[in-house]
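Novice: got a structure for you, letters missing:
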Ligand SMILES: O=C(CO)COP(=O)(O)O
């Protein structure tokens with residue numbers, strides 16, 4: 001399958017930015033500025049507190065809603081957590097899991113990420129499952145090996161019936177929020193290895209349908225280079241997704 005058979009995906013990860021009034025304002029601006037195109041799917045992932053109001057603001061537009069985290073249990077005494085059904089109740093159809101910030105600051109493990117993926121898929125929510133190496137691992141030349149190992153652990157026992165409903169995001173940690181971008185060739189090297197691993201785990205046809213995103217200082221000026229690579233099907237955007245003009249410009253480039 002060629003890249004063009006996978007619909008591109010541009011996802012904005014707002015991280016811990018925007019209170020409710022600011023989220024409403026940004027969502028309104030995005031609805032006005034983000035072009036609708038069959039060639040690209042657009043998702044925004046606000047903080048949990050903003051999900052309901054953002055959902056309301058983007059209703060009827062081409063922009064879809066994603067969360068930044070989920071807990072795998074259905075309900076009960078899990079203070080501070082959010083279930084899949086709660087996400088569904090605000091019409092979230094995507095959820096980021098395994099972001100390096102959650103792995104580093106909140107000690108999430110591959111086992112946790114695997115449980116979250118299973119719970120989300122059972123609930124019909126598409127995981128955007130993140131992976132990526134630290135600078136130390138890259139400098140040791142072990143980045144491919146490291147990411148392949150994450151992918152194998154994060155996908156263990158997953159059953160994928162619709163490959164468009166499972167997304168991987170490759171985010172080299174050293175490129176996140178640093179302004180230090182991986183080159184398109186760096187991204188392809190690892191995204192190609194991710195696809196090869198997905199072929200091993202799920203078979204060729206399923207692996208060919210799974211979108212792999214690049215994330216890490218992606219912006220309007222560099223997105224086209226990443227998207228030109230065979231195994232890069234979109235971007236997971238942090239900083240540049242907080243400004244409507246730049247996020248819209250990235251979607252526009254992806255729609256070309
Ligand atoms: O972590 C990221 C998206 O999840 C990338 O963040 P930046 O685009 O700000 O580097």
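Specialist: Nice, thanks for sending it over. Predicted model only: the values in this text are computed from it and were never measured.
Novice: in what helix or strand does residue 87 lie?
Specialist: For residue 87, the element it lies in under DSSP states H and E is helix 84-89.
Novice: Mind giving me the packing neighbours of that helix?
Specialist: If you count contacts as 3 or more CB pairs under 8 Å, 6 or more residues apart in numbering; DSSP states H and E, helix 84-89 packs onto helix 110-123. The way it works is simple: take the backbone N, C-alpha and C, and place the C-beta from them, glycine included.
Novice: For the next helix or strand after the helix it packs on, which outside residues touch it?
Specialist: Per DSSP H and E, the first helix or strand lying C-terminal to helix 110-123 is strand 126-131. With contacts defined as CB atoms under 8 Å, 6 or more residues apart in numbering, strand 126-131 is touched by 11, 43, 45, 66, 93-100, 113, 116-117, 120-121, 147, 150-151, 154-155, 164-171, 194, 213, 215, 236.
Novice: Provide the count of other residues in contact range of residue 19.
Specialist: Neighbour count for residue 19, taken as other CB atoms under 10 Å: 10.
Novice: Show me the contacts of strand 126-131 that map onto strands.
Specialist: In strands, defined here by DSSP state E, the members of the contacts of strand 126-131 are 11, 43, 45, 66, 93-97, 167-170, 213, 215, 236.
Novice: Looking at those, state which has the most neighbours.
Specialist: Most surrounded of the ones in strands among the contacts of strand 126-131: other CB under 10 Å gives residue 170, at 30 neighbours.
Novice: How much space separates that residue from residue 7?
Specialist: Using CB to CB, to the nearest Å, residue 170 is found at 18 Å from residue 7.
Novice: before we move on, what about residue 237?
Specialist: Distance of residue 237 to residue 7, computed by CB to CB: 17 Å.
Novice: State the pair within the ones in strands among the contacts of strand 126-131 that is farthest apart.
Specialist: Pairwise distances across the ones in strands among the contacts of strand 126-131 (CB to CB) peak at 21.5 Å, for the pair 93 and 170.
Novice: number of nearby residues for whatever residue of the stretch 101-250 of the chain ends up closest to the ligand?
Specialist: Closest contact between the stretch 101-250 of the chain and the ligand, by CB to the nearest ligand atom, is at residue 238 (2.2 Å). By other CB under 10 Å, the residues close to residue 238 number 22.
Novice: try residue 162
Specialist: 11.
Novice: That one - nearest residue in space that isn't next to it in sequence?
Specialist: Closest residue to residue 162 apart from its sequence neighbours, by CB to CB, 6 or more residues apart in numbering: residue 209 at 7.9 Å.
Novice: wait, that neighbour sits on residue 6?
Specialist: Yes: using CB atoms under 8 Å, residue 209 is in contact with residue 6, at 6.5 Å.
Novice: any shared contact partners between these two?
Specialist: residue 164.
Novice: okay, which residue is most central for this structure?
Specialist: The residue lying closest to the centre of the chain (CA atoms, centre = their mean) is residue 128, at 4.0 Å.
Novice: how far away is it from residue 67?
Specialist: Counting by CB to CB - residue 128 and residue 67 are separated by 10 Å.
Novice: what's the overlap in contacts for the two?
Specialist: In contact with both residue 128 and residue 67: 45, 94, 95, 96, using CB under 8 Å, 6+ apart.
Novice: Would you mind measuring from the first one to residue 96?
Specialist: Right, the one you point to is residue 45. 6 Å.
Novice: got any residues that touch both of those two?
Specialist: Both residue 45 and residue 96 are in contact with 11, 13, 66, 67, 68, 128, where contact means CB under 8 Å, 6+ apart.
Novice: so who does the third one touch?
Specialist: Pointing back at residue 66 there. By CB under 8 Å, 6+ apart, the contact set of residue 66 is 11, 43, 44, 45, 92, 93, 94, 95, 96, 128.
Novice: at 10 Å what do you get?
Specialist: Residues in contact with residue 66 (CB atoms under 10 Å, 6 or more residues apart in numbering) are 11-14, 43-46, 51, 54, 87, 92-96, 125-128, 167, 236.
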